[in-house]
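Visitor: coordinates only, sequence not included:
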């Protein structure tokens with residue numbers, strides 16, 4: 001029996017975890033859960049996904065490593081000739097915040113490589129099959145920082161801004177094959193990445209007067225991954241409580 005999978009990068013915690021659970025629950029997708037280092041968190045998330053009555057396989061790789069991504073996903077495809085990856089969620093990302101003048105070359109490269117090269121590596125690895133089967137969903141998790149810029153995050157803003165531009169361009173290339181490419185741009189969402197933020201102060205800038213929940217981002221991604229979104233491509237959808245549009 002042919003099984004349909006969604007690949008979620010950086011899926012062990014935070015927004016990625018919420019997305020993986022929602023795709024399993026709402027759309028019945030089996031999940032390929034990518035993680036880089038936190039195996040314990042990945043195993044815990046795997047248990048929660050399996051409880052949704054779908055399969056969940058863990059894939060440990062660094063999204064910024066072209067050879068590693070290509071090799072592991074090619075090996076998976078060989079072992080699963082009847083199965084297919086219909087949905088790709090490019091969620092993996094890191095921050096190395098600080099004023100640009102003090103940004104070290106390695107902090108610039110690592111942030112760019114994870115978000116931008118991660119998009120390239122993972123999308124390249126699954127796109128040919130999506131085009132062949134004439135169906136697919138690529139959803140890139142970007143950021144408010146990539147749209148308006150954010151002081152102290154020049155590297156992160158550059159990385160996410162580049163993925164936004166790539167989203168729009170790729171959508172135009174492959175739309176005829178019924179493969180859509182969209183981006184979701186969260187604002188302040190409660191997660192590990194915002195744990196050290198001054199929520200009490202920052203929420204005063206947000207019209208809805210609160211940080212968002214990871215599940216709210218996951219709800220949007222679930223819609224974009226479904227057939228209900230079949231006429232939406234090349235879009236960047238904000239989910240930020242009205243902070244920026």
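Guide: Nice, I can see it. Keep in mind that what you see is a predicted model, and the values were worked out from it rather than measured.

Visitor: now residue 213. Nearest residue, chain neighbours left out?
Guide: Once flanking residues are discounted, residue 213 sits nearest to residue 190: 6.0 Å by C-beta to C-beta, 6 or more residues apart in numbering. Just so you know, the C-beta spots here come from the backbone N, C-alpha and C atoms, and that holds for glycine as well.

Visitor: which ones are touching that neighbour?
Guide: 199, 211, 212, 213, 214 (C-beta atoms under 8 Å, 6 or more residues apart in numbering).

Visitor: write the PyMOL selection for whichever of those are buried.
Guide: Filtering the contacts of residue 190 down to the buried ones (16 or more other C-beta atoms under 10 Å) takes a single PyMOL command:
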select buried, resi 211+212+214
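
Visitor: which ones among the contacts of residue 190 lie within helices?
Guide: The helices, defined by DSSP state H, take in 199, 214 from the contacts of residue 190.

Visitor: in JSON lines: the contacts of residue 190, plus distance to residue 84.
Guide: Output for these, formatted as JSON lines (distance: C-beta to C-beta, whole Å):
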{"residue": "199", "distance to residue 84": "41"}
{"residue": "211", "distance to residue 84": "36"}
{"residue": "212", "distance to residue 84": "32"}
{"residue": "213", "distance to residue 84": "31"}
{"residue": "214", "distance to residue 84": "27"}
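
Visitor: so which of the contacts of residue 190 is the closest to residue 35?
Guide: residue 214 (16.1 Å; C-beta to C-beta).

Visitor: show the pLDDT at that closest one.
Guide: You'll see residue 214 listed with a pLDDT of 97.

Visitor: quick one, longest helix in the chain?
Guide: Under DSSP H, the chain gives helix 154-174 as its longest helix.

Visitor: coming back round to it: closest to residue 54 among the contacts of residue 190?
Guide: residue 214 (19.2 Å).

Visitor: contacting residues around that closest one?
Guide: Residues near residue 214 by C-beta under 8 Å, 6+ apart: 14, 15, 17, 18, 189, 190, 191.

Visitor: not counting its neighbours along the chain, what's nearest it?
Guide: residue 18 (3.7 Å).

Visitor: which residue lies farthest from the center of this structure?
Guide: Going by C-alpha atoms, centre = their mean, the residue of the chain most distant from its centre is residue 101, 28.8 Å out.

Visitor: please enumerate the helices of the protein.
Guide: Under DSSP H, the chain gives helices at 14-27, 39-50, 66-79, 105-112, 118-133, 144-148, 154-174, 199-202, 214-225.

Visitor: need those helices in TSV with distance to residue 33, can you?
Guide: Below are these laid out as TSV (distance: least, C-beta to C-beta, whole Å):
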stretch	distance to residue 33
helix 14-27	6
helix 39-50	6
helix 66-79	12
helix 105-112	22
helix 118-133	13
helix 144-148	24
helix 154-174	21
helix 199-202	28
helix 214-225	14
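
Visitor: okay, now the unreliable bits of this protein?
Guide: Counting by pLDDT under 70, the chain contains no low-confidence segment.

Visitor: what residue lies at the spatial centre of it?
Guide: Geometric middle of the chain (C-alpha atoms, centre = their mean) lands on residue 91, at 2.0 Å.

Visitor: that one contacts residue 16, correct?
Guide: Yes - counting by C-beta atoms under 8 Å, residue 16 is a contact partner of residue 91 at 4.3 Å.

Visitor: shared neighbours, the two?
Guide: In contact with both residue 91 and residue 16: 8, 9, 10, 141, using C-beta under 8 Å, 6+ apart.
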